[in-house]
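Colleague: below is the sequence, then the predicted model.
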Amino acid sequence: MVTSGLPPAIPDRFEQMLDQSATAAVCAGADGIILSWNRAAEALLGHSGDAAVGKPLTIIIPPAYRAAHEAGLARAVKYGASRMAGHAVEIVALHAEGHELPVDLSLSLWFEGGSPVFGALIRDVSDRRATMNRLQHLAHCDTLTTLPNRAALLARLEATIAQGPCSLLMLDLDGFKHVNDSLGHSAGDHLLVRVAQRLMEVSGGTDEFVARLGGDEFALLVSRCDDMFRIDQLATRIKQALSLPFEIGGQSVFIGTSIGIALAPHNGVCADTLLSRADLALYSAKSSGGGTRCFFMTSMQNRSEQRLRLSNELRQAFTAREFELWYQPQLSLPDHDLLGVEALLRWRHPRHGLLAPNAFLDVLSESPIAEEVGEWILDEACAAVARWKRQSLGIIRVGVNLFPAQLRTERLYDVVANAIARHQLEPAQLEVEITENTVLRFNEPSTAALRRLKQKGVGIAFDDFGTGFASLSMLQQFPLTRLKIDRSFIAEIHDRPGDAEIVRSLLCMANSFDLEVIAEGVETAEQEQVLRDIGCVAAQGFRYGRPMDAAAIAAFLRNLNEGGLAEAG
């Protein structure tokens, strides 16, 4: 470690330790002159110790920040204390070669011979910054189409409405489900990418902003325009562009589109209202048979009445015991050992047969019975785990999704703890799952309840991770134990290197927060191999088993115990 001939900046007994440290260490006197400089500082900042010692600290401070640095140094010398002392802060440092780099700085202040001496430990955080930038981009970007996502649209919509009139067009593809069912999800994803490209070609203007909201739903925001005639012409061009065939997998694929339109300020003066009313207009277009466009009208509020009717029917279904729990296995990638199962809600409708959650879950989650249904799901899942243990099928972990209503109550901890005790489970046999929409409605009591559950040993999983704006802050803000990477990142991970890099970044981020990770939607051996290669150790999806009713999952577990995954499947 190189030091000056001035009064010692660091006691001799510490010099050797700091010189061997992998962390850059720099000391300076009250005049800002560098007194000592270790080898790690040479490697990080580019100046040799001989060149740095005796020079002002400003050699490592970008010009734009030097005035603030000198003012802060003067205050610290005057008052014998620094506001930065004892805290780690992220700043920008200047390398000897002239480029800037983000660093984490921990500052200390002490006195030698009555004079103040400043010491700084400096760490390079370029990798962390790059990862955070990638995730920040991910929070605002739809990774399949590279279009802005729903969060980005909402932010743009708020700003656009504040500036003047605008128009919002919401689009839904007619016949997309048939493409998925007949040609597979890979073809469906390819189609979505091509649709995004055509929408960008049709819009093209600086006043037009295209986004993908999720699934086969897109949006186009036109700023500084509420002219119905011009917007109708735009809607016609969109329909014409999307009516042309798409060449997918050597086949010509034809789809239509339905469009719902809302205008600001006529139909609303806030983003949520305009989005809701464009959605009501889209629903009307779809209900009329699709392939058309509808402008919002007040009469479309009747959709709320339809939701109310469904909510009432769900209440009757719960009373009549028409709900069922199905289970999907979760496996270890290295050895295909069973890690647990996820409990999934189904509705055995007396007229329409077995209904998947997408037919009713959004209405149920806002229904007055949501909390009661959520508690039933929790109890039923715990009872199943206890039953499997009695049947010698193993000690199984079950994942249960929580409704927002369960997180708004102060009863959450007691409800979960009582279910575990009632069925004599170990806390680690239960994992509760929360989604972004649920998380966005968190309150402090629910956060405290989850924290207590985690301390008790219950797993807390963040579902659909990576698909929305709130995901980043959740890692630090809430007591999570596992991230479930959304299937949208897995579908073509074997064909798109970018998807693999995104998942690799998510794995790295999760590891830094000491979180487990499981990949959802794994369907093929190719997807599994890429996940193995990048270090993912757990997965869930059709490759390992589709959702099964209670009898089928029991048989699956029995076969898995007897012969492994091949026999179980």
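Modeller: Sure thing, it's come through.
Colleague: is the residue nearest to residue 208 when sequence neighbours are not counted in a helix, a strand, or coil?
Modeller: Distances taken as Cβ to Cβ, 6 or more residues apart in numbering place residue 222 nearest to residue 208, at 5.4 Å, with adjacent residues excluded. Placement of C-beta: from N, CA and C, glycine included. With DSSP: H, G, I helix; E, B strand; the rest coil as the basis, residue 222 sits in strand.
Colleague: max-length helix in this structure?
Modeller: Counting by DSSP state H, the longest helix found in the chain is helix 370-390.
Colleague: just checking, what packs against it?
Modeller: Applying 3 or more Cβ pairs under 8 Å, 6 or more residues apart in numbering; DSSP states H and E, one finds that helix 370-390 contacts helix 302-319, strand 323-332, strand 338-349, strand 398-401, helix 404-408, helix 412-422, strand 430-434, helix 550-563.
Colleague: export these to CSV and tack on mean neighbour count and mean pLDDT?
Modeller: Output for the helices and strands packed on helix 370-390, formatted as CSV (neighbours: other Cβ atoms under 10 Å; pLDDT from 0 to 100):
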stretch, mean neighbour count, mean pLDDT
helix 302-319, 14, 85
strand 323-332, 21, 96
strand 338-349, 20, 96
strand 398-401, 24, 96
helix 404-408, 21, 87
helix 412-422, 18, 96
strand 430-434, 24, 95
helix 550-563, 16, 88
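Colleague: now the ones you listed as CSV including distance to residue 484?
Modeller: Formatted as CSV, the helices and strands packed on helix 370-390 follow (distance: least, Cβ to Cβ, whole Å):
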stretch, distance to residue 484
helix 302-319, 26
strand 323-332, 9
strand 338-349, 9
strand 398-401, 9
helix 404-408, 17
helix 412-422, 19
strand 430-434, 7
helix 550-563, 19
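Colleague: quick one: closest of these to residue 544.
Modeller: Minimum separation from residue 544 across those (Cβ to Cβ) falls at strand 323-332, 4.8 Å.
Colleague: where in the stretch 201-350 of the chain is pLDDT low?
Modeller: 302-304 (pLDDT under 70).
Colleague: what sits against the residue nearest to residue 208?
Modeller: Neighbour list for residue 222: 166, 167, 168, 169, 207, 208, 209, 231, 234 [criterion: Cβ atoms under 8 Å, 6 or more residues apart in numbering].
Colleague: name the next helix or strand downstream of the helix or strand where the second one lies, please.
Modeller: With elements delineated by DSSP states H and E, residue 167 resides in strand 166-174, which encompasses its position. Once the chain leaves strand 166-174, the next helix or strand it forms, by DSSP H and E, is helix 176-183.
Colleague: list the buried ones in that following helix?
Modeller: For helix 176-183, the neighbour count (16 or more other Cβ atoms under 10 Å) marks 176, 179, 180, 183 as buried.
Colleague: roughly how far is that helix from the heart of the chain?
Modeller: Here the centre of helix 176-183 is set off from its chain's centre by 27 Å, with Cα atoms, centre = their mean, to the nearest Å.
Colleague: do the same with stretch 139-155
Modeller: 12 Å.
Colleague: next, the distance between the ends of it.
Modeller: The first and last residues of stretch 139-155 sit 12 Å apart, counting by Cα to Cα, to the nearest Å.
Colleague: I'd assumed residue 317 was in contact with residue 347.
Modeller: Yes. Assessed by Cβ atoms under 8 Å, residue 347 is found in contact with residue 317 at 6.0 Å.
Colleague: shared neighbours, these two?
Modeller: Joint contacts of residue 347 and residue 317 (Cβ under 8 Å, 6+ apart) are residue 323.
Colleague: among the helices and strands packed on helix 370-390, which is nearest residue 65?
Modeller: strand 430-434 (40.4 Å).
Colleague: what's the closest one packed up against?
Modeller: For strand 430-434, the packing partners by 3+ Cβ pairs under 8 Å, 6+ apart are helix 370-390, strand 398-401, helix 412-422, helix 444-456, strand 459-465.
Colleague: quick one: it to helix 370-390, angle?
Modeller: Using axes from the mean of the first three to the mean of the last three Cα atoms, to 10 degrees, the inter-axis angle of strand 430-434 relative to helix 370-390 is 150 degrees.
Colleague: pull the distance from strand 430-434 to the chain's centre.
Modeller: The mean C-alpha position of strand 430-434 is separated from the chain mean by 16 Å, Cα atoms, centre = their mean.
Colleague: that one pairs with which strands, parallel or anti?
Modeller: Under the criterion DSSP bridges, strand 430-434 sits next to strand 398-401 (parallel), strand 459-465 (parallel) in its sheet.
Colleague: pretty sure residue 433 sits against residue 398.
Modeller: No. Residue 433 lies out of contact with residue 398 (Cβ under 8 Å); the separation is 10.4 Å.
Colleague: what do the two both touch?
Modeller: residue 342.
Colleague: in the longest helix of the chain, what counts as buried?
Modeller: Quick answer for helix 370-390 (16+ other Cβ under 10 Å): 370-371, 373-386, 388-389.
Colleague: and stretch 58-74, by the same measure?
Modeller: Going by 16+ other Cβ under 10 Å, stretch 58-74 has these buried residues: 58, 60, 61, 62, 65, 69, 73.
Colleague: quick one: residues contacting the residue nearest to the last one when sequence neighbours are not counted.
Modeller: Read it as residue 73. Excluding its sequence neighbours, the residue lying closest to residue 73 (Cβ to Cβ, 6+ apart) is residue 32, at 5.5 Å. For residue 32, the contact set (Cβ under 8 Å, 6+ apart) comprises 56, 57, 58, 70, 73.
Colleague: which phi and psi does the first one have?
Modeller: Torsion angles at residue 56 (phi, psi; degrees, to the nearest 10) stand at phi -70, psi 150.
Colleague: wait, it sits on residue 34?
Modeller: Yes. Assessed by Cβ under 8 Å, residue 56 is found in contact with residue 34 at 7.3 Å.
Colleague: and those two? Which one has more around it.
Modeller: Neighbour count, other Cβ atoms under 10 Å: between residue 56 and residue 34, residue 34 has more, with 27 against 15.
Colleague: does the more buried one have beta-bridge partners, and which?
Modeller: Going by DSSP bridges, residue 34 forms beta bridges with residue 28.
Colleague: show me what contacts it?
Modeller: Contacts of residue 34 (Cβ under 8 Å, 6+ apart): 4, 26, 27, 28, 52, 53, 54, 55, 56, 57, 59.
Colleague: that older thread, would JSON lines of the buried residues of helix 176-183 with distance to residue 254 and pLDDT be doable?
Modeller: Formatted as JSON lines, the buried residues of helix 176-183 follow (distance: Cβ to Cβ, whole Å; pLDDT from 0 to 100):
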{"residue": "176", "distance to residue 254": "11", "pLDDT": "86"}
{"residue": "179", "distance to residue 254": "10", "pLDDT": "83"}
{"residue": "180", "distance to residue 254": "15", "pLDDT": "77"}
{"residue": "183", "distance to residue 254": "12", "pLDDT": "82"}
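Colleague: all strands of the stretch 51-200 of the chain, in order?
Modeller: Along the stretch 51-200 of the chain, counting by DSSP state E, counting those that start in this stretch, strands occupy 88-94, 100-112, 115-124, 166-174.
Colleague: now the longest one and strand 115-124, what's the angle there?
Modeller: Think strand 100-112. Orientation of strand 100-112 against strand 115-124 (the same axes, to 10 degrees) gives an angle of 150 degrees.
Colleague: now the angle from strand 100-112 to strand 88-94?
Modeller: Going by the same axes, to 10 degrees, strand 100-112 makes 120 degrees with strand 88-94.
Colleague: show me the chain divided up by domain.
Modeller: 2-124, 142-296, 306-568 (automatic domain parsing).
Colleague: which stretch among those domains comes nearest residue 132?
Modeller: The closest of these to residue 132 is domain 306-568. By Cβ to Cβ, the value is 7.6 Å.
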